[in-house]
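Participant: build the 3D model from these lines:
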Amino acid sequence: MPVNRLARPAHHAWLDAECRRLLAFGARSALPDGGAAYLDTHGVPDPTHGVLTWITARTAHAYSLGVLLGVPGSAPVADAALAGLTGRLRDVGHGGWFHALGPDGVPDRAAGKSCYNHTFVLLAASSAALARRPGGTTLLADAADVYLARFWDDTAGRPLDTWDADFTRPDDYRGLNATMHAVEAMLAVADAVEVLDDPVEPAVGGGAAVWRNRAARAARFVVELAAVHHGRLPEHFGPDWTPDLGFHRSRPDDPFKPYGATPGHGLEWSRLLLTVEAAVGVDDALVAAAVRLFDRAVDDGWDADGAEGFVYTTDWDGTPLVRQRMHWVVAEAIAAAAALHRRTGERRYADHYAAWWDYAERHLLDRTGGSWWHELDPRNLPATTVWPGKPDVYHALQATLLPRLPLAPTLARALRSGLLAPPPKDADGRWRPA
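Facilitator: Coordinates of the predicted model:
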């Protein structure tokens, strides 16, 4: 029987080294005027992409975690990213955050204001506040106000997706990708407002319990979707949240809104459902849905075309469509397997976990240029058809941290609370429940 790596201190040391390697790679992302750069394959800022809010926010989050880990050099990167979010990426005229600044520094108004961007600002602000970064607490209060005023639909129990640039008209489209990151962010906000030494307005957004309830409502919608659609999650919806299974049929490799089912999102939701359960209390339906989503993603996505790796998308019968291998899918698979093993104790998840780290080491970890290749072709060779460069370290970094932490609280609060330690073990080497 293979060794259960999840219970081995030596593996935890390997994860720590990989975490630090990733943080070192992204250290040049800090921009002198505020914000974070999109990085090329060598970790050099690529100015042709301008300054993207989601990259900047994910960088602020990642390097706030670096501060909480005590990794030297993390604070300047986190602070530069935060300066972009509190400065030139903020729309002072209409509120919220621009999607991006172009290479010429002009705000991109055509893209409108997206929930995807704003949830990452929420996440970044939560982590920065917990890491005691200057301006983090104020940014958290501001981001929460914008999110609740513009994106959270309390009647539906999930968020709107996109507005025009002036916040005058919401788009009819509703999306599960933005909803997923909203759940992640809302759980992080709850953890932040509950424990901050110098708190934001104590009742911001109703307080920690209300934020967790919002996250749970959105998560339970996914439980329903997983049951109806046999574990293949619809990603795209109309204004009444009716699934649009034909959306973007002509754009199957869209980086954010592709046609079909996305196994990587099934894996990411699998892990998030367990985090929601750990935050709000035992819920067998959340666990059952997490298992269903995981198993479907593995059955449809892993080794689906005769080669190792997860395909990017499948049709609704599970047939592979876009066979490129994205690094973020493997990172989320690793995190989901670790979470399910922690929650259930079943050995099969530990075996998946080990196999996917082996795959990442063979094909994704770039030991010469740094970080992870963000995209591979069906032969597992580096490719750039969907994701050029190595934009940021968010997914890979979290894959090095989540297996070493309990299912709740969320990352920044767990690190601040000193929960990063080898897990307790039973005599058979299995993790005991957290």
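
Participant: going by C-alpha atoms from here, please, whenever you check contacts or count neighbours.
Facilitator: Noted.

Participant: for the stretch 251-400 of the chain, which segments count as strands?
Facilitator: 325-326, 375-376 (DSSP state E, counting those that start in this stretch).

Participant: comparing those strands, which comes out most buried?
Facilitator: Mean neighbours per residue, mean count of other Cα atoms under 10 Å, is largest over the strands of the stretch 251-400 of the chain for strand 325-326, with a mean of 26.

Participant: tell me the mean pLDDT for that one?
Facilitator: In this model, strand 325-326 has a mean pLDDT of 98.

Participant: pretty sure residue 73 sits against residue 27.
Facilitator: Yes: in terms of Cα atoms under 8 Å, residue 73 counts as a neighbour of residue 27; the distance is 7.4 Å.

Participant: tell me which of these two has more neighbours.
Facilitator: residue 27 (18 against 14; other Cα atoms under 10 Å).

Participant: which non-adjacent residue is nearest residue 100?
Facilitator: Spatial nearest neighbour of residue 100, excluding adjacent residues (Cα to Cα, 6 or more residues apart in numbering): residue 52 at 4.3 Å.

Participant: distance of the one you found from residue 99?
Facilitator: Using Cα to Cα, to the nearest Å, residue 52 is found at 6 Å from residue 99.

Participant: more neighbours: the two, which one.
Facilitator: residue 99 (25 against 22).

Participant: correct me if wrong: that one contacts residue 56.
Facilitator: No: counting by Cα under 8 Å, residue 99 sits too far from residue 56 to count as a contact (10.5 Å).

Participant: from residue 175, how far out is residue 62?
Facilitator: 25 Å.

Participant: about what we covered before: the residue nearest to residue 100 reaches residue 105, doesn't it?
Facilitator: No: the criterion here is Cα under 8 Å, and residue 52 misses it with residue 105 at 10.9 Å.

Participant: quick revisit: as TSV, the strands of the stretch 251-400 of the chain with distance to residue 363 would be great.
Facilitator: Below are those laid out as TSV (distance: least, Cα to Cα, whole Å):
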stretch	distance to residue 363
strand 325-326	10
strand 375-376	8
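
Participant: now do the strands in the stretch 51-200 of the chain.
Facilitator: Going by DSSP E, counting those that start in this stretch, the stretch 51-200 of the chain shows strands at 51-52, 100-101, 113-114, 152-153, 158-159, 162-163, 174-175.

Participant: nearest to residue 381 among those strands would be which one?
Facilitator: Smallest distance to residue 381 across these (Cα to Cα): 27.2 Å, for strand 51-52.

Participant: from the contact counts, what lies against the closest one?
Facilitator: Using 3 or more Cα pairs under 8 Å, 6 or more residues apart in numbering; DSSP states H and E, the elements in contact with strand 51-52 are strand 100-101.

Participant: now the strand it packs on, how far from the centre of its chain.
Facilitator: A distance of 21 Å separates the centroid of the chain from that of strand 100-101, by Cα atoms, centre = their mean, to the nearest Å.

Participant: do the same with stretch 360-374
Facilitator: 19 Å.

Participant: neighbouring contacts of it?
Facilitator: 21-22, 25, 41-43, 326-328, 330, 376, 380-382, 387-390, 393, 396 (Cα atoms under 8 Å, 6 or more residues apart in numbering).

Participant: check stretch 151-167 too.
Facilitator: By Cα under 8 Å, 6+ apart, stretch 151-167 touches 94-95, 98, 109-116, 150, 169-171, 173-175, 178-179, 182, 214, 217-218.

Participant: residue contacts, the closest residue to residue 302 other than its chain neighbours?
Facilitator: Excluding the flanking residues, the one nearest residue 302 by Cα to Cα, 6+ apart is residue 310, at 4.4 Å. Neighbouring residues of residue 310 by Cα under 8 Å, 6+ apart: 263, 264, 298, 301, 302, 303, 304, 323, 325, 326, 329, 330.

Participant: from those, list the buried ones, please.
Facilitator: Members of those that pass the buried threshold by neighbour count (16 or more other Cα atoms under 10 Å) are listed as 263, 264, 298, 301, 302, 304, 323, 325, 326, 329, 330.

Participant: near residue 295, how many other residues are there?
Facilitator: What residue 295 shows, counting by other Cα under 10 Å, is a neighbour count of 17.

Participant: for the stretch 151-300 of the chain, what spans make up the helices?
Facilitator: 176-195, 208-228, 263-280, 284-301 (DSSP state H, counting those that start in this stretch).

Participant: can I get those helices in JSON lines with distance to residue 417?
Facilitator: Compiled in JSON lines, these are given as follows (distance: least, Cα to Cα, whole Å):
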{"stretch": "helix 176-195", "distance to residue 417": "10"}
{"stretch": "helix 208-228", "distance to residue 417": "17"}
{"stretch": "helix 263-280", "distance to residue 417": "15"}
{"stretch": "helix 284-301", "distance to residue 417": "26"}
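
Participant: wait, which of those helices is closest to residue 348?
Facilitator: Across the helices of the stretch 151-300 of the chain, closest to residue 348 is helix 284-301 (Cα to Cα), at 11.1 Å.

Participant: got the buried residues for that closest one?
Facilitator: So, applying 16+ other Cα under 10 Å, buried residues of helix 284-301: 286-298, 300-301.

Participant: which stretches of the stretch 1-150 of the chain form helices?
Facilitator: Using DSSP H, counting those that start in this stretch, helices in the stretch 1-150 of the chain cover 9-25, 53-69, 74-86, 115-130, 136-146.

Participant: TSV for these, including mean pLDDT?
Facilitator: Supplementary listing: the helices of the stretch 1-150 of the chain in TSV, determined by pLDDT from 0 to 100:
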stretch	mean pLDDT
helix 9-25	96
helix 53-69	98
helix 74-86	98
helix 115-130	98
helix 136-146	96
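
Participant: so for residue 277, which of those sits nearest?
Facilitator: Using Cα to Cα, the nearest of the helices of the stretch 1-150 of the chain to residue 277 is helix 115-130, at 19.1 Å.
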